[in-house]
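# Got a sequence here, can you model it:
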Amino acid sequence: MGLAAPAHAQQAEQNVATESDDAFGRQVGAEKSGLYSTSDVRGFNPSEAGNVRIDGLYYDMINFVPGRIVKSQSVRVGVAALRYPFPAPTGVIDYDLWVPADQTTLSVEMDTSNPLLDGPAVLIDFKLPVSKEISFMGGFLGRNVTARPEGGNQIFASYSGMVRWRPSDAVDLRLFNATFYTLDREARATYLPLGDQLPAQVPRGKFLGLDWTEFDQKTVVTGGISHIRLAKGLRIDAGLFQSSDTLDKSYGDFLVGVTSDGRVSDRLVIASANNRDKSLSGEARLVREWSNGKLAHRLIASVRGRKRDRRVGGSSRMLLGPGPGNVFTNDGWDRPDYTTGAKDLDRVRQLVPGVSYSGVWRGRGSLDISVSKNDYKKHVDFGSPNRADIVSLDDSWLWNFSGSVTLNSKLSVYGGISRGAEDAPIAPENAINNSEAPPAIHTRQKEVGLRYAVAPGLTLVTGVFEISKPYYNLDRERFYRRLGTVTNRGFELSLTGRLLPGLNLVGGVLLLDPRITGEDLAGRRPVGQIRRHAVANLDWRSRGGEGPLSIDLAFENFSGRIANPTNTLEAPGYSTVNIGARQRFDVRGVKLVLRPQITNLFNAYGWQVSANGGFTYIRKRTAFVSLVADF
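From the prediction side, this is the model:
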């Protein structure tokens, strides 16, 4: 076995603030920058909608992509979606995976907590070339979560691996597996307020859930990616992915009728068992690229598809009464005897052939066009004999037309219009028909904006957009169904790049005007959505960006959120500030980075509101430290 000489791995130098090209959302590890995330883009959830890619190729995601195999996550929307094949109206989440290379590397990270959870962890990653053609990489994560943001503890464990085979310069094949275990986790308490009252500010970090709602979860993703060059400018890109999510038990925990002084009317627990979600999905592309003079062209013929099978439902709904009568304790709600019912079987079969063209006229502009045919079938076999089975079909045309025009060396304008098909959000836990997945829905988007080079290395992007799609939520009987159409109109701004040598900025603002239309609506604003979101990530590094010390600051502001269907209650807005630093040093050839952080520096108390009207609080101020070693 021949091994290349050791080389520094890349984990130590990962920095989401300096790696971001825009403020539309990027995540590296547990740290993120920008306006958007994998669950919120322009007021919608692209992951839930099925708009996910792995290395640019279609992937039907279940839960998340687990393990240390993920290098970063990027949001492709607006100007960031130009030249991106087959974009989606509500944005695309693209997972970039680590790839084994020609050098041996080892990274070890230890931390006391991270930006999401309290509790120590050990993370190990290595890359190992076995021969000239074959290389391997693996990773392990173990975290003892001593305190979730809402209290309680659990264990995380994950392992991942990838084998890369390059028999020639024209062939690159990769096989990978990523597995993630969540053990001994309890359901989080969610607060449903009484009338127009905000719920009482319960103490953060104190476990107020129920010990007997404990469950385990396993998420697995296995896949293969190939890049094969057939001739000059002609190649095949393909990916096939199998994913599954298994829950031995599942619970939803809702405190109902919570008042501003902490009284509670009832407690609703929804229990189900033996839930399973699995999917086989992927995409194959034939890509032709050529150029003549200042014109560069790319033509793609693609087939995307998935086979999705869900076993859900059969839940038991338990009203436990007011218990002690207040939300400041979890005593007084004992576990009742219950049984779960027959499961619903939800099957989706989908095939989407399409063609995409992208052209760039250097110094003048670009043009992107794609057309696809959606062949979609959904069959729901309800476990209850009182509900008839449902079969849904869709054979619509999907398309995208976008482009940009360069006005001068600093300024360009862009715009686009698109029609897509997406998955509707799944019914929430407190719905009568919880976990039920509606059929695919059609979405439309139009947008226009500009990009301006403020200075070398500093770019301003600003634009307006309008997105419309069917609106699903709980009706007056708490049955989850389509209630109308939601239209999100908005303005977004991104300012990203180098302000001074060593000083980088990722700044953004979103102004959103979400409205719903329909016949049986209590209010015209969707529950849970914000009207304003602002972010600023600053990263300063000594010696003009070459020194060992860097200091970072992240500011984030959210407006208030509509908190009930009648639009008579609003959760107040809040702002958070995070600070951190990185001290880089070498010890006998080992590259080390020490990183202390404090999140929510001023300990702001803020409420997050879900689409079903449930309140959960943000994490309190937390200090932690990590040490990364690259061997």
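# Give me the distance between the closest residue to Ala30 other than its chain neighbours and Pro438.
Taking C-beta to C-beta, 6 or more residues apart in numbering, and ignoring the residues beside it in sequence, Ala30 has Asn114 as its nearest neighbour in space, at 4.3 Å. Every residue, glycine included, has its C-beta placed from N, CA and C. Asn114 is 35 Å from Pro438, where distance means C-beta to C-beta, to the nearest Å.
# Please apply the same query to Glu466.
As for Glu466, its distance to Pro438 is 23 Å (criterion: C-beta to C-beta).
# Tell me which of those two has more neighbours.
Set side by side, Glu466 and Pro438 show more neighbours around Pro438, with 20 against 17, by other C-beta atoms under 10 Å.
# leaving aside the residues next to it on the chain, what's closest to the more buried one?
Distances taken as C-beta to C-beta, 6+ apart place Ala424 nearest to Pro438, at 4.0 Å, with adjacent residues excluded.
# quick one, phi psi at that neighbour?
Backbone torsions for Ala424, taken as degrees, to the nearest 10, come to phi -80, psi 150.
# Is it in contact with Thr443, as I believe?
No: in this structure, Ala424 is not within contact of Thr443 by C-beta atoms under 8 Å, at 10.0 Å.
# Return the list of strands paired to the longest strand seen in the chain, each annotated with direction.
Taking DSSP state E as the criterion, the chain has its longest strand at strand 266-292. Its sheet considered, strand 266-292 pairs with strand 234-258 (antiparallel), strand 295-312 (antiparallel), strand 316-319 (antiparallel) by DSSP bridges.
# average model confidence for it?
Averaging pLDDT along strand 266-292 yields 96.
# Point out where the stretch 51-200 of the chain drops to low pLDDT.
Scanning the stretch 51-200 of the chain for pLDDT under 70 picks out 67.
# try it again with 50
Of all residues in the stretch 51-200 of the chain, none has pLDDT under 50.
# Show me where it has its strands.
52-54, 57-58, 70-76, 92-97, 105-113, 118-129, 134-145, 154-168, 171-186, 189-193 (DSSP state E, counting those that start in this stretch).
# In CSV, list these along with mean neighbour count and distance to Val405.
As requested, the strands of the stretch 51-200 of the chain are arranged in CSV below (neighbours: other C-beta atoms under 10 Å; distance: least, C-beta to C-beta, whole Å):
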stretch, mean neighbour count, distance to Val405
strand 52-54, 24, 27
strand 57-58, 24, 30
strand 70-76, 21, 21
strand 92-97, 22, 23
strand 105-113, 19, 44
strand 118-129, 19, 43
strand 134-145, 19, 43
strand 154-168, 18, 40
strand 171-186, 18, 36
strand 189-193, 23, 48
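# would TSV of the strands paired with strand 266-292 with mean neighbour count and mean pLDDT be doable?
Putting the strands paired with strand 266-292 into TSV (neighbours: other C-beta atoms under 10 Å; pLDDT from 0 to 100) gives the following:
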stretch	mean neighbour count	mean pLDDT
strand 234-258	20	95
strand 295-312	18	97
strand 316-319	14	94
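# of these, which approaches Ile390 most closely?
Closest to Ile390 of the strands paired with strand 266-292 is strand 295-312 (C-beta to C-beta; 13.3 Å).
# follow-up on the earlier one: and the residue nearest to Ala30, what is it in contact with?
Under the criterion of C-beta atoms under 8 Å, 6 or more residues apart in numbering, the contact partners of Asn114 comprise Gly29, Ala30, Ala121, Phe624, Ser626.
# Okay, and the beta partners of the fourth one?
Right, Phe624. Gln597.
# same question, the one 5 residues further on
Assessed by DSSP bridges, Ala629 has beta-bridge partners Val108, Leu592.
# Identify the residue spatially nearest to Val77, adjacent ones excluded.
Nearest non-adjacent residue to Val77, counting by C-beta to C-beta, 6+ apart: Gly91, 3.7 Å away.
# follow-up on the earlier one: quick one, which of the strands of the stretch 51-200 of the chain is nearest to Arg419?
strand 92-97 (15.1 Å).
# State the helix or strand in which the closest residue to Asp21 other than its chain neighbours lies.
If the residues on either side of it in the chain are set aside, Asp21 comes closest to Thr496, at 6.5 Å by C-beta to C-beta, 6+ apart. Assigning secondary structure by DSSP states H and E places Thr496 in strand 480-500.
# same question, Leu345
strand 344-361.
# need the helices for the stretch 501-631 of the chain, in chain order.
542-545 (DSSP state H, counting those that start in this stretch).
# got any ranges where it has weak pLDDT?
Residues of the stretch 501-631 of the chain that meet the criterion pLDDT under 50 are absent altogether.
# Can you list the residue ranges for strands in it?
With DSSP E, counting those that start in this stretch applied, the stretch 501-631 of the chain shows strands at 503-517, 532-541, 549-558, 561-562, 570-571, 574-587, 590-599, 607-609, 615-617, 622-630, listed in chain order.
# Out of the ones you listed, which one sits most buried?
The highest mean neighbour count among these belongs to strand 561-562 (a mean of 23), with neighbours defined as mean count of other C-beta atoms under 10 Å.
# Show me what that strand is packed up against.
Judged by 3 or more C-beta pairs under 8 Å, 6 or more residues apart in numbering; DSSP states H and E, strand 561-562 is in contact with strand 570-571, strand 607-609.
# Swap in 7 Å and give it another go.
Counting contacts by 3 or more C-beta pairs under 7 Å, 6 or more residues apart in numbering; DSSP states H and E, the secondary-structure elements packed against strand 561-562 are strand 570-571.
# Given the strand it packs on, what are its sheet partners and their directions?
strand 561-562 (antiparallel).
# Just the residues contacting the partner strand, thanks.
Arg525, Pro526, Val527, Gly528, Gln529, Ile530, Glu570, Ala571, Val609 (C-beta atoms under 7 Å, 6 or more residues apart in numbering).
# neighbours around Ala455, how many?
When counting by other C-beta under 10 Å, one arrives at 11 neighbours for Ala455.
# on that earlier part again, may I have the strands that pair with the helix or strand that the strand holding Leu345 is followed by, each with its orientation?
Moving toward the C-terminus from strand 344-361, the next helix or strand (DSSP H and E) is strand 365-373. Paired with strand 365-373 in the same sheet, following DSSP bridges, are strand 344-361 (antiparallel), strand 397-406 (antiparallel).
# Give the buried residues for strand 365-373.
Buried residues in strand 365-373, counted by 16 or more other C-beta atoms under 10 Å: Gly365, Ser366, Leu367, Asp368, Ser370, Ser372.
# Equivalent analysis for stretch 346-359, please.
With the criterion 16+ other C-beta under 10 Å, stretch 346-359 contains buried residues Asp346, Val348, Gln350, Val352, Gly354, Ser356, Ser358, Gly359.
# Take the residues you listed and write them to CSV, including distance to Arg582 and pLDDT.
Shown next, in CSV, are those (distance: C-beta to C-beta, whole Å; pLDDT from 0 to 100):
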residue, distance to Arg582, pLDDT
Asp346, 46, 93
Val348, 45, 95
Gln350, 44, 97
Val352, 43, 98
Gly354, 43, 98
Ser356, 40, 98
Ser358, 38, 97
Gly359, 42, 97
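# Dump stretch 522-529 to CSV, restricted to CA.
What follows is the C-alpha trace of stretch 522-529 in CSV, where atoms were taken according to Å, rounded to 0.1, in the frame of the first residue of the first chain:
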residue,chain,number,x,y,z
ALA,A,522,-59.8,34.0,9.5
GLY,A,523,-56.9,36.4,8.6
ARG,A,524,-54.8,37.4,5.6
ARG,A,525,-51.3,36.8,6.9
PRO,A,526,-49.8,33.3,7.2
VAL,A,527,-49.0,32.2,10.7
GLY,A,528,-45.3,32.1,11.7
GLN,A,529,-43.8,34.3,9.0
